[in-house]
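Enquirer: coords please:
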Amino acid sequence: MSSQTPSPGYSEHRPARPIGLVLVDDHPAVLRGLADLLDGEPGIEVLGTAESQAQALDLIGRLKPDSAIVDFHLANENGLDLTLKLDSLPDGPHVIVYSAFPGASLLAASCVAGASAVIAKHSLAHELSDAIRAARDGRRTMPHLSRAELSALASRLPSEDRALLDMLTRGMSAGQIAETLHVSEQSLHERRREIIHALTDRSHAALSAMQGPALHYSTRRSS
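Expert: Here you go, the predicted structure:
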């Protein structure tokens, strides 16, 4: 049988591979709700769920998902610590931070941790799925932080970390920043972790009070 050569301009149309997700939350009911929320969303597939940082790292290491949805408040853990660890992996997933209290502190800290998006738990299904698709395409979905909010947050940091906060919230990559500041990526990782804890060392009530009446999202391509 003779083989056929595709004619010029021919393209074989294959269905795009679904975006694989791992969900991380310490409440089983929330995990079920998230999985139900995303069930049936075209081009998105939930590969597995985890209830702790250790479970998440093991699951993500085995399944190699495209993205992970991570709750900020994990039992006795900070979900942004996990986000930072995932951002430091050579082929780590995009991270969407999922929180009931997406106030200014959490938004800035999520940028520092390398998150691709911050989504409120009361958001609609299409807002979450849109953020997942944007992350796959290399775009960040973040509520807008005003200059006044960033200035107030920077005042809580040592002077040497304020420029770092500015660079990270503007979307510069860790590699770019390490090169600009002439520091090792490990040293930068530790500084980022310290900034995250300085920005998020507050109670649920304080974070809720900072939430405000509305979130104004912007989507931009990551550096």
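Enquirer: got the residue ranges for the strands in the protein?
Expert: Using DSSP state E, the strands found in the chain span residues 19-24, 44-50, 67-71, 73-74, 77-78, 94-99, 117-120, 139-143, 217-221.
Enquirer: Strand partners (parallel or antiparallel) of the fourth one?
Expert: Within its sheet, and counting by DSSP bridges, strand 73-74 is paired with strand 77-78 (antiparallel).
Enquirer: Ok, the first one next?
Expert: In the sheet containing strand 19-24, its partner strands are strand 44-50 (parallel), strand 67-71 (parallel), by DSSP bridges.
Enquirer: so how far is the longest one off the chain centroid?
Expert: Read that as strand 44-50. Relative to its parent chain, strand 44-50 has a centroid offset of 16 Å by CA atoms, centre = their mean, to the nearest Å.
Enquirer: mean confidence score for that strand?
Expert: Per-residue pLDDT values over strand 44-50 give a mean of 96.
Enquirer: likewise the shortest one?
Expert: Mean pLDDT, computed over strand 67-71, is 97.
Enquirer: one step back: would you point to the one among the strands paired with strand 19-24 that's packed deepest?
Expert: Per-stretch averages of neighbours, counted by mean count of other CB atoms under 10 Å, single out strand 67-71 among the strands paired with strand 19-24, with a mean of 26. (Glycine included, C-beta is placed from N, CA and C.)
Enquirer: which residues are contacting it?
Expert: Strand 67-71 has contacts (CB atoms under 8 Å, 6 or more residues apart in numbering) with 19-27, 30, 34, 56, 60, 79, 82-83, 86, 93-99, 116, 119, 128, 132, 135-136.
Enquirer: And stretch 95-112, end to end?
Expert: The first and last residues of stretch 95-112 sit 12 Å apart, counting by CA to CA, to the nearest Å.
Enquirer: I meant stretch 32-51, not that one.
Expert: Termini of stretch 32-51 sit 12 Å apart (CA to CA).
Enquirer: One more: stretch 39-53?
Expert: For stretch 39-53, the separation between the terminal residues is 24 Å (CA to CA).
Enquirer: Number the chain from 301, please
Expert: From this message on, residue numbering opens at 301, which makes the last subject stretch 339-353.
Enquirer: gap between it and the chain center?
Expert: 15 Å.
Enquirer: same deal with stretch 466-473?
Expert: Distance of stretch 466-473 from the chain centroid (CA atoms, centre = their mean) equals 14 Å.
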